[in-house]
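1. here you go, sequence then predicted model.
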There are 4 protein chains.
Amino acid sequence: MNPIIKKPLAIIVGAGEGLGKSLAILLASSGYQVVVLNRSMVAYDVENISMMQIDASNAQAVENKILEIIDNYSVPHVLIHNPAQLFIKPFLETTVEEFELAWRSMVLSAFNVFQAVLPGMTKQGKGTILVTGATGSLRGGSHFSAFASAKFGLRGLTQSVAREYQKQGIHIAHIILDGILDTPSSRKLHSLKPSDMMFTDEVAEAYLQLIQQKPSAWTHELDLRPTNETF
Amino acid sequence: MNPIIKKPLAIIVGAGEGLGKSLAILLASSGYQVVVLNRSMVAYDVENISMMQIDASNAQAVENKILEIIDNYSVPHVLIHNPAQLFIKPFLETTVEEFELAWRSMVLSAFNVFQAVLPGMTKQGKGTILVTGATGSLRGGSHFSAFASAKFGLRGLTQSVAREYQKQGIHIAHIILDGILDTPSSRKLHSLKPSDMMFTDEVAEAYLQLIQQKPSAWTHELDLRPTNETF
Amino acid sequence: MNPIIKKPLAIIVGAGEGLGKSLAILLASSGYQVVVLNRSMVAYDVENISMMQIDASNAQAVENKILEIIDNYSVPHVLIHNPAQLFIKPFLETTVEEFELAWRSMVLSAFNVFQAVLPGMTKQGKGTILVTGATGSLRGGSHFSAFASAKFGLRGLTQSVAREYQKQGIHIAHIILDGILDTPSSRKLHSLKPSDMMFTDEVAEAYLQLIQQKPSAWTHELDLRPTNETF
Amino acid sequence: MNPIIKKPLAIIVGAGEGLGKSLAILLASSGYQVVVLNRSMVAYDVENISMMQIDASNAQAVENKILEIIDNYSVPHVLIHNPAQLFIKPFLETTVEEFELAWRSMVLSAFNVFQAVLPGMTKQGKGTILVTGATGSLRGGSHFSAFASAKFGLRGLTQSVAREYQKQGIHIAHIILDGILDTPSSRKLHSLKPSDMMFTDEVAEAYLQLIQQKPSAWTHELDLRPTNETF
C-alpha cells in the first residue's frame, strides 16, 4: 500500500452472510479498507476486506481490538453496527438468558464500539456511524419482547450519542429495516417471494448514500422497506 | 381481616420517598393491600402497606418473593413498575457498569416482575400493570445515553407484553412522566419552583385513573407533565 | 337556577347518537350545564343539556353562537371537539369536495371553536379543551387520505394550541380513539361483536378523568382502545 | 434531442429562489427534463428547465396544466411537492384566512397534483413523489398553529397515498427538513451563521438519492438537519 495515500477505514460490526457482507463488499468496491468484526469467523475472500472474530459485548475485548485496528490501519471513517439476535416467542417462554443475550449482543455491543471509536473520530473531526434498526425499534410487537426491548434500547442509545456528537462533526444515523432481508437463512425461515424481500445489496446502497450526505443535510433516521411491505 | 372478603393486592416495585410512596399511600387509602418492593429498606408506617427489600434485577429472587407474596396475600390485581436509575453525563464518561446498571435496574427488573405476576393474573383473567416512563422513553437526549437506552428498552418491552396480554384481560400501560417530580432529592438537585414540578400525589391520581379504566377503553400510553413544562 | 351558584359550563361540538351523547349525559350528571352544538338537530331530552344547531366550519357563526352562549350561561370550563367525517375510499375516487369537507368539518371547525372560547378561558385562568382523534391521527392508512389528512391536521393544531396555552392554565388534550365506537351506525357498518368495540359511556369516563386531572400532572395525549383491538 | 430517446420528466411544484431552484438545477443536470410550477413567475434561465405559473390549490387548473405537460413531454417520472407558506404568530392573531391559506397552499395543492399525476404514473408502473415536510410536520409548536396543522395534514395525506400506491410501483417519500434553509429570504429573517443552515444544493442531493433508491429498499420518511441543529 502506498504509505501516503491510505484508503479510509470502515469497520462493520456484525456481518454474516447477509447485509453485513453486502456492506463490506460495497464499501470495499467504493474505496474503503474494510474490517469486519463478527462473533463467528466468516471468510469473504474479497480484496480490502479483513475479518476478525470478537465478542462485541465484551468492552475490554472491543477496546483492545479497535485500538489494534487503529494502530494497523487508521481511525475509522465509518462504523456500522449491524449485529442481529432475533427471538420470536411468547413472553413467558422467553428466558432471562435470552432477554439478556438480545441486549448484550445488540445494545451493549453498540455502547462498546461507540466508546472505542468516538475518541478518534472526534479528534479527526469527522466520521459516520450507522446503526441497523428494525420494525421492532419503533413497535414492540407481541412475541418480540427480547428483540423489541433491545432494538428500542439501541435506538435510544443511538439518538443520545447522535445528539451529543453531531456538533463535533460525527454523523450518527439509525436505519429502520422494515422488511425481511433476503438472506440464505431468511429464505429458509420464511416462504416469501423475492419481490417481498429486501435485497441486501440494495439496502447497502442506502447505507452508502448516508455516508455520502453533506453535513448541512444529515439524516438521523430513515426507514427502508420493500415495495410489497405493508406498513 | 375478614378471611372471606380480602382486599385486592397491589405490588409496587421501586418506591423510595417520591412517587412510589404516594402511590402506596393512595392505593392503600383506596382499598388495596399494598406490598412495596425496594432495593433499600424504607418504612412508611401506614396501614395496609408492607415493605420488602429485594434486588428486582435478580430473576430468581423476584420469583421467590412474588410467590411468597401470592401465598401470603393473593394474586396481585395491580403491579406498578417504578424503579429509577438516572445518570446524566457525557457518553465517554459513562462507564459500562453504569450503562448495565441502568438496564438491570429499569428493564431487566421489569422483565422479572412481569414474568412473576403474569401467570397468576392470566389465570384470574384480570390485572393492571403500570410502568413508569420518562421524557427519555421517547427521546434520547445528549448526556442521557444510559438512562434513555434503558427507558426506551423498558417501553419496547412494555409494548410487546401489552400487545400479547391485553386479549387475556390484562391492562398494561406506559406512563411518560415529562417533568421533574417534586421529591426531597429533586428539590436538592434542581432549583425549580414548586409550580414547575409534578406533585407525586397528583401523579399518583393519574395512575389510579388508569387502574379504574374499563376494558372497552383502555389507555396503553399517556404523558403527564406540569403546566410550566415546555414540550 | 340559583343566581349565585352557577353550574360550570361544558360545550360539546359534534354530538350525534354516539360518543357526543354519552359525553353530554355524563357531564350533565357530573354537575355541568351542557350545551351541545351539532350540524343537525338532535334531541336528548336530558336535564341540563341544551342543543343548538350550527355549522362549526363557519367562523362567524361559531363566534356569534359562542358569545351568545357565554352571555346566556358563562365562559365554558370545558370544550369538547368531537365532529367526525369519515371517508374510506381509493385516493383517485376521493373528490376534492370530500377532501375539503373532511378538513372543514374536523380541522377548521376546531380552529373556530378554539378561537371563540380561548379569550374567555384565558381571562378566567382555567379551562379544559378535549379533542377527539383517531387511529388516523397517527397513521395515514391506505384509502383514508381525506380522513387521515384531516385528523393529522387536527392533531397538529391541537398540539400547537396546547403548547401556547398550558402556561396560562388551559389544559388541552388529544385523545386517540383506536377502535370502533359502539354506535347505532357503526353496528350497521361493521359486524363486530360488542366486545370488539368501545362503549361510548366508558370512553366518556376517560374524558371526564382528563377534566379532573390536576395542573401538575396533565396529560396532553393518550390512546384508548378496546381489549380486542390489535395495535 | 433525439426524438426517440426522451429525457425523463420531473415536475417540481413550488419553486422560488431556494430549495425548488436547487432541485430544478440538480435534476436538469442529472438528465431530467424539468418543469417548474409556481404561484409566481420565476426565471432560472437554465437549459432543460421550463417554468409555468399556476395556483396549485385550484384542482381544475392543476389537472389541465398537468395534462398539457404530459401531452407536451410525457408522464412524469418524478414529482416534487415543495410549496411553503409559513405563518408564525400567536394563535388568536392567526386569522381564519391565514389558517385556510396554509392548508390550501400546502395540503390541497398536494391532493391536486397527486391526483393529476398518479393515473399516468400507475399506468407506466413507476414514478417517484417526494414531499417536503418540516419540523412542524411532527410537532405542533407554540405560534405555529396554521403551519403545523397544514404540515401535519400533508404528512397524513402523503402516508395514505404512499401506502396505497407503493404496491403499484410508485415510491412516495416524505422528507422532514429540520432546520433553516439557507435562502435569500431566510438570511434576512434569521441571523444565523451559514454553518447553522441547510444549503439547498446539499438538501437537493438527498432528494436525488431518494429518486435513485431501488424498490426493494425504499425510504418513506427521513429527516434532514444541519450539524448544528439541536433536535
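-> That came through, no problem.

2. when you work out contacts or count neighbours from here on, use the C-alpha atoms and nothing else.
-> Noted.

3. within its sheet, name the partner strands of the host helix or strand of A:M51 and how each one runs.
-> Assigned by DSSP states H and E, A:M51 falls within strand A:49-53. Next to strand A:49-53 in the sheet, as set by DSSP bridges, lie strand A:33-38 (parallel).

4. go through the strand it pairs with and flag the buried ones.
-> A:33-38 (16 or more other CA atoms under 10 Å in any protein chain shown).

5. cool, stretch A:207-215 as well?
-> Within stretch A:207-215, the residues scored as buried using 16+ other CA under 10 Å are A:207, A:210-211, A:213-215.

6. stretch A:47-59 too?
-> Counting neighbours by 16+ other CA under 10 Å, one finds that the buried residues in stretch A:47-59 are A:48-52, A:54-59.

7. please save the CA atoms from that stretch in PDB.
-> Extracted in PDB, the C-alpha atoms of stretch A:47-59 (Å, rounded to 0.1, in the frame of the first residue of the first chain):
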ATOM      1  CA  GLU A  47      -9.800  -7.700  -1.600                       C
ATOM      2  CA  ASN A  48      -9.600  -4.900   1.000                       C
ATOM      3  CA  ILE A  49     -11.800  -6.800   3.500                       C
ATOM      4  CA  SER A  50     -10.200  -8.100   6.700                       C
ATOM      5  CA  MET A  51     -12.100 -10.300   9.100                       C
ATOM      6  CA  MET A  52     -11.700 -10.500  12.900                       C
ATOM      7  CA  GLN A  53     -13.500 -12.600  15.400                       C
ATOM      8  CA  ILE A  54     -14.800 -10.800  18.500                       C
ATOM      9  CA  ASP A  55     -17.500 -10.800  21.200                       C
ATOM     10  CA  ALA A  56     -18.600  -7.200  20.800                       C
ATOM     11  CA  SER A  57     -20.500  -7.300  24.200                       C
ATOM     12  CA  ASN A  58     -17.100  -7.600  25.900                       C
ATOM     13  CA  ALA A  59     -16.000  -4.000  26.500                       C
END
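
8. filter the buried residues of stretch A:207-215 down to the ones near chain D?
-> Near chain D, taking CA under 8 Å from any CA of the partner chain as the test, the members of these found are A:213-215.

9. of the buried residues of stretch A:47-59, closest to A:L177?
-> A:A56 (21.5 Å; CA to CA).

10. residues near the closest residue in space to the closest one that isn't next to it in sequence, how many?
-> Sequence neighbours aside, A:S109 is the residue nearest to A:A56 in space, at 4.7 Å (criterion: CA to CA, 6 or more residues apart in numbering or on different chains). A:S109 sits with 24 neighbouring residues when counted by other CA atoms under 10 Å in any protein chain shown.

11. distance check, A:S109 against A:R163.
-> A:S109 sits 19 Å away from A:R163, going by CA to CA, to the nearest Å.

12. same deal with A:A28?
-> 29 Å.

13. just want to know which of those two has more residues nearby.
-> Comparing A:A28 with A:R163 by other CA under 10 Å, the one with more neighbours is A:R163, at 24 against 20.

14. let's see the pLDDT reported for that one.
-> Note on A:R163: pLDDT of 97.

15. near chain C at all, the helix or strand harbouring it?
-> Assigned by DSSP H and E, A:R163 falls within helix A:145-165. No - Helix A:145-165 does not reach chain C (CA under 8 Å from any CA); its nearest approach is 14.9 Å.

16. angle of that helix against helix B:145-165?
-> 150 degrees (axes from the mean of the first three to the mean of the last three CA atoms, to 10 degrees).

17. mean confidence for the next helix or strand after helix A:145-165?
-> With elements assigned by DSSP H and E, the helix or strand that comes after helix A:145-165 is strand A:170-177. Here strand A:170-177 scores 98 as its mean pLDDT.

18. which strands and helices sit next to strand A:170-177?
-> Contacts defined by 3 or more CA pairs under 8 Å, 6 or more residues apart in numbering or on different chains; DSSP states H and E place strand A:170-177 against strand A:127-134, helix A:145-165, strand A:221-224.

19. is the second one in proximity to chain B?
-> It refers to helix A:145-165. Yes - judged by CA under 8 Å from any CA, helix A:145-165 comes into contact with chain B through A:145-146, A:148-164.

20. hmm, that helix touching chain D?
-> Yes - Helix A:145-165 lies within reach of chain D by CA under 8 Å from any CA, at A:R163.

21. put the alpha carbons of that helix into PDB.
-> What follows is helix A:145-165, C-alpha atoms only, in PDB (Å, rounded to 0.1, in the frame of the first residue of the first chain):
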ATOM      1  CA  SER A 145     -40.300  -8.800  23.900                       C
ATOM      2  CA  ALA A 146     -36.500  -9.600  23.900                       C
ATOM      3  CA  PHE A 147     -35.900  -8.300  20.400                       C
ATOM      4  CA  ALA A 148     -38.000  -5.200  20.600                       C
ATOM      5  CA  SER A 149     -36.700  -4.200  24.000                       C
ATOM      6  CA  ALA A 150     -33.200  -4.400  22.700                       C
ATOM      7  CA  LYS A 151     -33.900  -2.600  19.400                       C
ATOM      8  CA  PHE A 152     -35.700   0.200  21.300                       C
ATOM      9  CA  GLY A 153     -32.700   0.400  23.700                       C
ATOM     10  CA  LEU A 154     -30.300   0.600  20.700                       C
ATOM     11  CA  ARG A 155     -32.300   3.400  19.200                       C
ATOM     12  CA  GLY A 156     -32.400   5.400  22.500                       C
ATOM     13  CA  LEU A 157     -28.600   5.000  22.800                       C
ATOM     14  CA  THR A 158     -28.000   5.900  19.200                       C
ATOM     15  CA  GLN A 159     -30.200   9.100  19.500                       C
ATOM     16  CA  SER A 160     -28.400  10.200  22.600                       C
ATOM     17  CA  VAL A 161     -25.000   9.800  21.100                       C
ATOM     18  CA  ALA A 162     -26.100  11.300  17.800                       C
ATOM     19  CA  ARG A 163     -27.300  14.400  19.600                       C
ATOM     20  CA  GLU A 164     -24.000  14.700  21.600                       C
ATOM     21  CA  TYR A 165     -21.600  14.200  18.700                       C
END
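
22. quick one: which helix or strand includes the residue nearest to A:L92 when sequence neighbours are not counted?
-> Once flanking residues are discounted, A:L92 sits nearest to B:Q115: 6.2 Å by CA to CA, 6+ apart. Per DSSP H and E: B:Q115 is located in helix B:109-124.

23. that helix packs against which elements?
-> For helix B:109-124, the packing partners by 3+ CA pairs under 8 Å, 6+ apart come out as helix B:59-72.

24. not counting its own residues, what contacts the helix it packs on?
-> A:96, B:54-56, B:76, B:109, B:112-113, B:116-117 (CA atoms under 8 Å, 6 or more residues apart in numbering or on different chains).

25. what's the helix holding B:Q115 in contact with?
-> Counting by CA under 8 Å, 6+ apart, A:91-92, A:96, B:56-59, B:62-63, B:66-67, B:75-77, B:79, B:81, B:127, B:154, B:157, B:168-170 sit against helix B:109-124.

26. thinking again about what came up before, among the buried residues of strand A:33-38, which one lies nearest to chain C?
-> Checking the buried residues of strand A:33-38 against chain C with CA to the nearest CA, the nearest one is A:N38 at 35.5 Å.

27. quick one, what contacts the closest one?
-> Applying CA under 8 Å, 6+ apart, one finds that A:N38 lies in contact with A:13-16, A:51-56.

28. can I get stretch A:93-102 in CSV, CA atoms only?
-> Extracted C-alpha coordinates of stretch A:93-102, given in CSV (Å, rounded to 0.1, in the frame of the first residue of the first chain):
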residue,chain,number,x,y,z
GLU,A,93,-41.3,-18.8,27.2
THR,A,94,-38.6,-16.1,26.9
THR,A,95,-35.8,-16.9,29.3
VAL,A,96,-34.0,-14.3,31.3
GLU,A,97,-30.8,-15.5,29.5
GLU,A,98,-32.3,-14.9,26.1
PHE,A,99,-33.6,-11.5,27.2
GLU,A,100,-30.1,-10.6,28.4
LEU,A,101,-28.4,-12.0,25.3
ALA,A,102,-30.5,-9.9,23.0
